[in-house]
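K.L.:
I would like the atomic coordinates for the input below:
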Amino acid sequence: MTKEKTQRKKKIRNELSIDLKGVEQLILENPICQQVRDLAQQEGLSIYLVGGAIRDIILKREIKDYDFVVQEMTAAFLDHLGERLEANVFPMGKGRHEGVYRLVKGEHTIDFAIMEGDTIDQDLLRRDFTINAIAYSFKENKFFSSPQAMEDLKARRIGLVSPQALQVDPLRMLRAVRYRCTLPGFDLTPKLKGAITRHQGLISDVAPERIRAELDQIILSPVPASGLQLMHELGLLIRIVPELAPLEGLPQGRRHRTDALTHSIQVVGEVNRLRLKEHPFPFRPTDQDRLVLGYAALFHDLGKPATKSIDETGEIHFYGHPQESSLLAQGIMRRLKFPNRVRDGILLVVENHMRILTLARGEPKDNALRRLINTMGDEIRLLLLLGLAEMGSKGDGDTEEQARFMDLCRRIWDLYEGEDLITPEPLLKGRDLLALGHTPGPRMGEILEEVQKRQIEGELHNKEEALRFVREEYPP
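P.N.:
Residues are numbered from 1 along each chain as shown. From the prediction side, this is the model:
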């Protein structure tokens, strides 16, 4: 080793001993770390806290995930720890032979892995990024790290531990983007960006569930549009969602300043901006709401390339594109194995995303708005936010249209809040029709359906009105 390298290594070690003094105290005071450390001492195990938990302590971030490395795993240690933490232990991957185990304690995940190599330094070389290649030994009360770890943390750089890191696990390409979105001020090194661009095709080898989990975190991050744009620049976005490719360069007519792909990403950002600022509706989107909104924004114009037409004046139209977008989105979500509840919400919002804008161009009556609310259910809240995001992303300066749209949104919200239009108590039931002389059969179902429809539209308000309507329109 050269003198320069020796001095550099010594300097980094001195920085670690100074910079990590307070971090060590926080680790030792952490309740989960205390339980792990105490039990490991009782069992005579050498154990290390590694990776993201240390990074997050250094960055003064809340710890949600803990990763521990042990030289030797014992079933007794895992079982006893599970009892102490009141958490179940289960193997990760395909079986216990893989040597990775997880406990879930409330919102925290706690992973244990068997050390790879003979020393913790060798184990750290298998990590993804330098900012995660840090370990703390509870036995030696000492930090270990890759030479570049602290320098990259201070400079807010995301760089690879080794040139082979992306080939070992190609999901790390997407994880790098996720870190860029969730660690404020951090950016990928030029070397990492180049490596991802070269190896982007490897993302196809990753299990779809793992890809979707990382995408979820990007959508839920403080800067989802920036993450999607970075994915696109690195070649990952189209690799994962090839259905977006035809949107790039697709003109959308005089009301839009950008192509369809840029617009879709901008709407994702606008939805997030509305969530962060004081939007006009008194509700706070849950994480599931945010996933539905983010993906619906990304997918809402997928059907435009297939439905594009140009009229005799040269104006571009995309008639029927919401339904085509919904079909394409369904295929994407099936491929990436979206959970049913999130998938159904996305499809409902995508398929109906033009309805408020279409209504705003006329003078809709309340019965039309009631029907829309009944169709959407509670997802009407998300449809309103997506509509506002679309209006905000266009930037065409049509203040009159924006005012009409906003007024309509307030009308819809007032009806949603003021009336039970999603699952109203039926005004009539089958026994009521029997009492009027009707006989059981499909016709009774049709009558009850029509009564409910008119109830939702505000034409029938009580049982007496409903009975009168049936007597007049459906005599037995």
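
K.L.:
Give the full set of residues in contact with Asp216.
P.N.:
Listed by CB atoms under 8 Å, 6 or more residues apart in numbering, the contact partners of Asp216 are Leu291. In this view, the C-beta of every residue, glycine as well, is placed from N, C-alpha and C.

K.L.:
tell me the SS of it?
P.N.:
Put simply, Asp216 is helix when judged by DSSP: H, G, I helix; E, B strand; the rest coil.

K.L.:
Return the distance of it relative to Val271.
P.N.:
According to CB to CB, to the nearest Å, Asp216 and Val271 sit 15 Å apart.

K.L.:
and for stretch 458-476, what are the contacting residues?
P.N.:
Around stretch 458-476, the neighbours that count as contacts under CB under 8 Å, 6+ apart are 366-367, 370, 427-428, 432-433, 436-439, 443, 447, 451, 454-455.

K.L.:
Buried subset of these as a PyMOL selection?
P.N.:
For the buried members of the contacts of stretch 458-476, the matching PyMOL selection, counting by 16 or more other CB atoms under 10 Å, is:
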select buried, resi 370+427+428+432+433+438+447+451+454+455
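
K.L.:
just checking, which of the contacts of stretch 458-476 belong to strands?
P.N.:
Among those, none falls in strands (DSSP state E).

K.L.:
Which residues belonging to the lengthiest helix in the chain are considered buried?
P.N.:
Assignment by DSSP state H gives helix 399-418 as the longest helix of the chain. Residues 401-402, 404-405, 408-409, 412-413, 415-416 are the ones in helix 399-418 that count as buried (16+ other CB under 10 Å).

K.L.:
Pull the distance from that helix to the chain's centre.
P.N.:
28 Å (CA atoms, centre = their mean, to the nearest Å).

K.L.:
Tell me which stretches of the stretch 251-400 of the chain form helices.
P.N.:
Assigned by DSSP state H, counting those that start in this stretch, the stretch 251-400 of the chain shows helices spanning 260-276, 287-299, 304-307, 321-335, 340-351, 355-360, 366-376, 380-394, 399-418.

K.L.:
so who does Glu43 touch?
P.N.:
With contact taken as CB under 8 Å, 6+ apart, Glu43 is in contact with 74, 76-77, 80.

K.L.:
Tell me the one among those residues nearest to Leu234.
P.N.:
Taking CB to CB as the measure, Leu234 lies nearest Phe77 of the contacts of Glu43, at 40.8 Å.

K.L.:
care to break the chain down by domain?
P.N.:
12-155, 157-240, 279-418, 430-473 (automatic domain parsing).

K.L.:
can you give me the end-to-end distance of the third one?
P.N.:
Here the two ends of domain 279-418 are set 19 Å apart, with distance taken as CA to CA, to the nearest Å.

K.L.:
mean confidence score for it?
P.N.:
Per-residue pLDDT values over domain 279-418 give a mean of 91.

K.L.:
Over to the longest one?
P.N.:
Domain 12-155 comes out with an average pLDDT of 85.

K.L.:
for the last one, same thing?
P.N.:
Here the mean pLDDT over domain 430-473 is 86, rounded to a whole number.

K.L.:
Endpoints of it, how far apart?
P.N.:
17 Å.

K.L.:
How far off centre is it?
P.N.:
With CA atoms, centre = their mean as the basis, the mean position of domain 430-473 lies at 43 Å from the chain mean.

K.L.:
Please apply the same query to the longest one.
P.N.:
Taking the mean of its C-alpha atoms, domain 12-155 sits 26 Å from the chain's own mean (CA atoms, centre = their mean).

K.L.:
Number the residues from 55 up from this point.
P.N.:
All set: I'll call the first residue 55, so the last point we hit is now domain 66-209.

K.L.:
In stretch 107-116, which residues are buried?
P.N.:
Buried positions in stretch 107-116, judged by neighbour count with 16+ other CB under 10 Å: 107-109, 111-112.

K.L.:
same question but for stretch 349-369, I mixed them up
P.N.:
349-359, 361-362.

K.L.:
what's the answer for stretch 411-431, then?
P.N.:
By neighbour count with 16+ other CB under 10 Å, stretch 411-431 contains the buried residues 413-414, 418, 423-430.

K.L.:
tell me the contacts of the residue lying closest to Leu288 once chain neighbours are set aside?
P.N.:
Leaving aside its sequence neighbours, Leu288 sits nearest to Ile250 (CB to CB, 6 or more residues apart in numbering; 4.8 Å). Ile250 makes contact with 220, 227, 230, 242, 288-290, according to CB under 8 Å, 6+ apart.

K.L.:
cool, Asp175 as well?
P.N.:
So Asp175 contacts Phe198 (CB under 8 Å, 6+ apart).

K.L.:
ditto for the one 10 residues further on
P.N.:
Ile185 sits next to 109, 203, 206-207, 211-213, 233, 240 when contact means CB under 8 Å, 6+ apart.
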